[in-house]
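Structure here, sequence nowhere to be found:
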């Protein structure tokens with residue numbers, strides 16, 4: 001028996017006996033909860049094998065009637081949820097989920113790092129199957145790869161397992177996910193939680209374009225080089241998915257291309273004897289049949305497992321593949337799959353023609369699908385029944401089941417506490433969720449039918465029915481920015497750690513580490529509609545915007561007058577076109593200079609915001625040249641389109657290093673916002689900063705078409721302190737102002 005199996009069988013002295021605490025009926029139901037697994041078995045003497053490579057990706061997909069009948073049956077039951085308010089239904093299913101208290105139990109009893117439902121699921125998989133190959137344990141070296149891994153719960157669960165299970169081995173890991181910091185990645189596919197990523201960035205692969213999209217063919221080959229230092233990859237996990245709430249009945253088909261890419265990547269990277277864990281959603285389509293058949297031909301054991309900690313009413317299952325066969329047997333097929341690799345792989349043609357799928361495999365697959373179909377349908381029907389009416393006895397029984405499940409989980413998988421000093425992240429304020437403190441959190445509201453109806457309406461209708469309605473209707477009082485002050489100068493900074501990141505050119509700022517996502521989505525939709533139909537008569541702010549008659553906006557001259565009012569400011573440099581700014585009224589003498597080296601993007605209101613490469617270059621160049629000649633104690637006024645990107649955030653970070661305080665104002669004409677940087681201090685680090693910025697500008701001049709500077713200050717520095725909150729407030733104020741005018 002393998003060493004991994006021995007560890008899982010050991011008992012702890014303090015182990016409680018669940019059977020003594022709960023009656024037989026409850027214990028039996030809980031045991032079934034953690035044993036939802038089916039396995040494929042090749043017929044004796046007729047081993048399943050891969051078809052000839054010439055048949056691969058050639059024929060159109062086939063529909064299997066029995067599987068499609070199961071799909072239709074499941075969707076009919078799911079359709080009964082379409083009129084349920086999502087928030088209310090979610091609260092109900094959480095209360096009926098037998099495993100619903102396990103993660104809270106883990107947080108309070110075993111000090112689990114990044115303890116999410118994904119953590120509990122993967123720890124359950126580790127405790128249920130011998131995922132760690134004997135060869136790795138014997139040589140004392142374990143190498144794992146984690147695909148589509150954000151926020152990193154599988155990695156933290158693995159760390160906990162290795163540190164508390166008596167497995168003494170040198171563990172190395174690398175991971176991939178859609179980069180939460182790449183502003184061109186949309187939220188439907190990207191996990192914004194960066195608590196682990198921010199601390200472990202060198203171990204994360206985002207590809208040469210910085211997107212982290214594992215479905216890009218060149219990334220597959222680059223990733224192979226990224227893990228090249230690992231002599232033998234022993235385990236690969238793939239937990240990928242994306243938001244399918246717009247069409248939940250087709251979740252399996254929508255996610256199929258991603259699952260193909262994850263599988264091809266695993267087959268390319270895994271060493272002989274390695275393990276692979278793949279998340280899938282129902283297995284009714286021809287794409288899933290082919291993918292499962294590929295896996296049973298490449299691994300000696302393949303199990304389909306529904307963890308007890310996976311909500312029983314969803315379609316999620318994990319395919320657990322053990323003991324990868326020699327890669328030589330797969331190499332010809334793998335070469336062809338790599339040539340066809342990409343997001344449309346499954347839509348080109350079926351992986352295998354139906355004639356190459358053995359009846360014995362198809363029969364087992366249909367039985368497996370029927371098994372998981374029944375489990376899911378029964379759960380949904382029970383939830384519907386309890387939603388309509390739940391007695392006190394039923395509620396008490398559910399609570400007993402939940403209590404039993406938490407205790408049973410702890411005992412069966414031998415959970416033990418892990419000291420914080422053994423965590424992957426040992427405590428820091430960095431990475432507490434992208435964007436730091438945000439004024440709003442994304443929530444799916446209403447029923448499925450209501451959300452579908454809203455999707456068919458314009459952004460104005462969504463504002464009326466959304467959480468921003470009253471907030472956007474409040475008129476500007478001319479005090480925006482006054483309450484937000486970034487105190488400096490910042491002195492905790494490692495300049496030697498700065499480096500540039502160049503990647504794919506931004507075509508649209510779809511997400512930001514420094515803005516609430518729903519608000520940015522709403523603004524982008526409003527701007528796109530404005531550009532498309534030109535029905536809202538708002539002109540480019542560079543040429544004077546039509547304003548709301550009820551709003552009190554600060555005149556640019558009033559902003560300059562405010563700077564003049566500070567007694568300790570003797571001079572001020574104002575960047576940008578002097579036509580934006582009119583001179584303040586006569587008063588205290590203040591040396592006022594204008595720098596013409598900066599223009600806001602000519603395209604006006606745009607979903608690229610401050611992501612224009614030319615705008616970023618001009619902004620950096622203008623600030624650098626101005627700082628080099630600025631006198632001690634001076635003020636600097638910097639017009640900003642926004643600060644959504646890492647480059648602009650980096651510029652604000654530099655100003656944070658140089659000035660006593662920074663705040664912002666929203667002028668009635670000119671750019672959407674202006675930074676007021678007060679009290680310039682010439683620190684000893686300034687020459688080093690100038691050298692770095694000059695190098696950044698030189699690199700920008702060498703960047704080839706199709707690529708762009710994306711970052712020059714590490715994210716762990718940009719996410720420290722008060723800067724994320726300040727930038728979030730700045731961007732929120734700009735977005736609100738723009739949406740208000742577009743309304």
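Nice, I can see it. None of the values given here were measured: they were computed from a predicted structure.

Give me the average confidence score over the strand or helix carrying residue 400.
Residue 400 is part of helix 392-412, with elements assigned from DSSP states H and E. Mean per-residue pLDDT for helix 392-412: 96.

Run through the neighbouring helices and strands of it.
Helices and strands touching helix 392-412, as assessed by 3 or more Cβ pairs under 8 Å, 6 or more residues apart in numbering; DSSP states H and E, comprise helix 18-21, helix 24-33, helix 102-109, helix 117-128. (C-beta placed from N, C-alpha, C; glycine too.)

Where does the prediction get shaky in the stretch 101-250 of the chain?
Along the stretch 101-250 of the chain, the parts satisfying pLDDT under 70 run over 229-230.

and with 80 instead?
For the stretch 101-250 of the chain, the stretches flagged by pLDDT under 80 are 188, 229-231, 243-249.

which residue ranges form the strands in it?
141-147, 170-176, 204-205, 233-238 (DSSP state E, counting those that start in this stretch).

ok, back up a step: deepest of the helices and strands packed on helix 392-412, which one?
Among the helices and strands packed on helix 392-412, ranked by average contacts under mean count of other Cβ atoms under 10 Å, first place goes to helix 117-128 (a mean of 23).

tell me the angle the helix holding residue 400 makes with helix 117-128.
Helix 392-412 and helix 117-128 meet at an angle of 60 degrees, taking axes from the mean of the first three to the mean of the last three Cα atoms, to 10 degrees as the criterion.

chain center to helix 392-412: distance?
Centre-to-centre, helix 392-412 and its host chain are 32 Å apart (Cα atoms, centre = their mean, to the nearest Å).

residues making contact with it?
With Cβ atoms under 8 Å, 6 or more residues apart in numbering as the test, helix 392-412 has contacts from 15-16, 18, 21-22, 26-27, 29-31, 33-34, 95-102, 105, 109-110, 120, 124, 127, 308-309, 386, 415.

how about a cut-off of 6 Å?
Under the criterion Cβ atoms under 6 Å, 6 or more residues apart in numbering, residues 15, 18, 22, 26, 30, 96, 98-102, 105 lie in contact with helix 392-412.

which one of those residues sits closest to residue 291?
In terms of Cβ to Cβ, no member of these lies closer to residue 291 than residue 99, at 27.3 Å.

Please read off the pLDDT at that closest one from the model.
What the model reports as pLDDT for residue 99 is 96.

What is the burial count for it?
Here the number of neighbours of residue 99 (other Cβ atoms under 10 Å) works out to 26.

and it, what does it touch?
With Cβ under 6 Å, 6+ apart, residue 99 has these contacts: 308-309, 405.

if you set the cut-off to 8 Å instead, what comes out?
33, 120, 308-311, 402, 405-406, 409.

can you confirm it is in a strand?
No - read with DSSP: H, G, I helix; E, B strand; the rest coil, residue 99 is coil and lies in no strand.

still on that earlier bit, report the buried members of the contacts of residue 99.
Using 16 or more other Cβ atoms under 10 Å as the burial test, the contacts of residue 99 include 33, 120, 308-311, 402, 405-406, 409 as buried.

In JSON lines, list those residues along with distance to residue 648.
Below are those laid out as JSON lines (distance: Cβ to Cβ, whole Å):
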{"residue": "33", "distance to residue 648": "50"}
{"residue": "120", "distance to residue 648": "39"}
{"residue": "308", "distance to residue 648": "46"}
{"residue": "309", "distance to residue 648": "41"}
{"residue": "310", "distance to residue 648": "41"}
{"residue": "311", "distance to residue 648": "40"}
{"residue": "402", "distance to residue 648": "48"}
{"residue": "405", "distance to residue 648": "48"}
{"residue": "406", "distance to residue 648": "47"}
{"residue": "409", "distance to residue 648": "46"}
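
To residue 327, which of the helices and strands packed on helix 392-412 lies closest?
Across those, residue 327 has its closest neighbour in helix 117-128 (23.8 Å, Cβ to Cβ).

which strands and helices sit next to that closest one?
So helix 117-128, by 3+ Cβ pairs under 8 Å, 6+ apart, packs with helix 102-109, helix 153-164, strand 316-324, helix 392-412.

Indicate which one of these is closest to residue 285.
Comparing these under Cβ to Cβ, the one sitting nearest is strand 316-324, at 13.9 Å.

Report the inter-axis angle for the closest one versus helix 117-128.
Using the same axes, to 10 degrees: strand 316-324 against helix 117-128 is 40 degrees.

What pairs with strand 316-324, parallel or antiparallel?
strand 270-281 (antiparallel), strand 299-306 (antiparallel) (DSSP bridges).

Mean pLDDT, mean neighbour count and distance to residue 655 added to these, as TSV?
Converted to TSV, the strands paired with strand 316-324 look like this (pLDDT from 0 to 100; neighbours: other Cβ atoms under 10 Å; distance: least, Cβ to Cβ, whole Å):
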stretch	mean pLDDT	mean neighbour count	distance to residue 655
strand 270-281	96	23	44
strand 299-306	97	20	52
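
Pipe those strands into a markdown table and attach distance to residue 562 per row.
Converted to a markdown table, those look like this (distance: least, Cβ to Cβ, whole Å):
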| stretch | distance to residue 562 |
| --- | --- |
| strand 270-281 | 55 |
| strand 299-306 | 62 |
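
Quick check: which of the ones you listed is nearest to residue 205?
strand 270-281 (16.1 Å).

next SSE after the closest one?
helix 286-298.

So what touches that next one?
40, 42, 48-50, 61-64, 67, 252-253, 256, 259-260, 263, 267, 276, 278, 280, 282-283, 302, 304, 319, 321, 324-325, 329-330, 333, 346, 350-352, 354, 357, 361-362, 365.
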